[in-house]
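>>> no letters, just coordinates:
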């Protein structure tokens with residue numbers, strides 16, 4: 001390692017930091033939901049909250065499609081910088097959601113229409129802008145990983161920066177309730193939004209394309225480009241790759257299916273767990289800190305461990321993709337334990353927290369590998385676009401899960417059995433990964449890189 005150099009891990013640390021900020025910003029609302037939904041505040045129903053989260057997911061989904069294209073066009077440095085500027089400003093805007101909602105209601109005459117209150121309108125607008133900016137994170141991070149890491153290290157590097165999602169989810173419950181109690185709910189959005197500008201300064205100072213990076217040794221650059229299809233993208237090879245052409249590849253559809261049927265599970269955990277702990281166990285505010293911190297700490301271990309796991313098969317002689325697919329099958333078995341969440345909850349709320357934590361850890365392990373299949377099979381110039389397409393599919397899967405959850409919870413709440421709604425949702429979460437893996441395996445059973453783009 002000393003002979004090769006290790007500046008690429010500095011870049012990985014920056015990607016980790018950005019992903020942490022990304023999840024800090026999107027997690028604030030879910031932690032404040034039990035407070036904001038209270039009749040003394042905005043009196044949101046589960047459907048109201050589902051609509052707010054669904055707007056985020058819907059805009060995120062379609063923004064991911066264009067985010068990948070924009071990142072490919074602007075380049076990683078500029079594209080990532082603009083993404084975090086937009087999402088940090090949008091995070092701060094949540095603090096003014098009420099006047100924003102009043103402005104929208106007055107301008108469009110939407111007051112009372114379709115049951116959208118001023119608060120719901122204001123948060124929907126703020127979440128939409130947040131989603132537009134945050135959509136740039138993963139296409140940019142995956143592209144940077146493809147630029148700075150040889151193929152054999154990419155899933156490990158992806159697992160490390162992807163674990164930032166869990167660190168953000170850990171830090172949020174440890175800080176947001178305290179900020180709300182001491183400074184007010186608006187301050188929680190403002191403080192988290194400002195952190196993004198700290199990252200921006202570091203990114204502009206430390207990042208440059210490997211070929212132009214003065215801090216990167218010639219030995220490390222040669223190591224990064226040591227594999228046959230990882231040559232750097234130059235102006236001559238950076239021609240536009242059309243979406244219709246990308247949709248013509250089974251490899252694209254494998255990634256789309258892998259994201260659509262599993263991303264919604266993670267969105268469900270992220271946006272609904274605080275509400276679940278309140279409804280089922282009466283856990284709110286500071287009491288939610290330790291359960292969520294434990295759960296997302298487990299997820300972080302899953303992300304890093306899952307990213308490294310394929311190396312076991314690669315060292316046995318499997319090609320990167322084939323070893324990754326074997327690892328993903330094992331990972332897909334772990335979420336089945338989520339089926340025990342509700343029965344175990346009769347004994348202690350810590351048991352479902354641990355069980356769901358195992359499922360969340362499996363998701364992050366899965367995510368580190370499904371992302372890396374793109375750079376396994378596609379040339380660098382198409383990575384951002386393909387990740388964007390898959391991200392759109394994952395976001396739409398999140399919309400389906402959020403709307404389904406909100407409808408089920410309100411339906412069974414009216415019947416006096418809201419726990420049945422959670423039982424159904426947990427069952428969907430449990431089987432999603434095996435179903436997704438089967439589709440990926442059918443579409444691309446063996447390593448088959450794209451060579452005609």
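Received, thanks. Remember, it's a predicted structure, so these values are computed and weren't measured experimentally.
>>> following the chain past the helix or strand where residue 411 lies, name the next helix or strand.
Using DSSP states H and E, residue 411 sits in helix 380-414. Counting by DSSP H and E, the next helix or strand C-terminal to helix 380-414 is helix 418-443.
>>> just the buried positions in that following helix, please.
Counting neighbours by 16 or more other C-beta atoms under 10 Å, one finds that the buried residues in helix 418-443 are 418, 420-423, 425-426, 428-430, 432-433, 436-437, 439-440, 443. Just so you know, the C-beta spots here come from the backbone N, C-alpha and C atoms, and that holds for glycine as well.
>>> below-threshold pLDDT in the stretch 1-150 of the chain: ranges please.
1-2, 109-115 (pLDDT under 70).
>>> in it, which spans are helices?
7-36, 46-74, 76-93, 97-108, 118-134, 137-148 (DSSP state H, counting those that start in this stretch).
>>> so the second one versus helix 380-414, what angle?
Helix 46-74 and helix 380-414 are oriented at 180 degrees to each other (axes from the mean of the first three to the mean of the last three C-alpha atoms, to 10 degrees).
>>> by contact count, what packs against helix 46-74?
For helix 46-74, the packing partners by 3 or more C-beta pairs under 8 Å, 6 or more residues apart in numbering; DSSP states H and E come out as helix 7-36, helix 76-93, helix 118-134, helix 137-148, helix 250-281, helix 380-414.
>>> and among the ones you listed, the most buried is which?
Comparing those by mean neighbour count (mean count of other C-beta atoms under 10 Å), helix 137-148 ranks first with a mean of 28.
>>> which SS state does residue 214 fall under?
Taking DSSP: H, G, I helix; E, B strand; the rest coil as the rule, one finds residue 214 in the coil state.
>>> burial count for the nearest residue to it once chain neighbours are set aside?
Distance criterion C-beta to C-beta, 6 or more residues apart in numbering; nearest residue to residue 214, sequence neighbours excluded, is residue 208 at 7.5 Å. Using other C-beta atoms under 10 Å, residue 208 is surrounded by 15 other residues.
>>> and residue 208, what pLDDT?
Residue 208 carries a pLDDT value of 94.
>>> over to residue 233?
Per the predicted model, pLDDT is 43 at residue 233.
>>> so how far is residue 57 from the residue lying closest to residue 50 once chain neighbours are set aside?
Excluding the flanking residues, the one nearest residue 50 by C-beta to C-beta, 6+ apart is residue 406, at 2.5 Å. Between residue 406 and residue 57 the computed distance is 12 Å (C-beta to C-beta, to the nearest Å).
>>> then residue 15?
23 Å.
>>> do residue 277 as well
21 Å.
>>> equivalent analysis for residue 410, please.
On the measure of C-beta to C-beta, residue 410 and residue 57 end up 18 Å apart.
>>> and residue 389, by the same measure?
16 Å.
>>> please apply the same query to residue 217.
Counting by C-beta to C-beta, the gap from residue 217 to residue 57 is 42 Å.
>>> same thing with residue 4?
If you go by C-beta to C-beta, the gap between residue 4 and residue 57 works out to 41 Å.
>>> of the two, who's got more company?
residue 57 (24 against 14).
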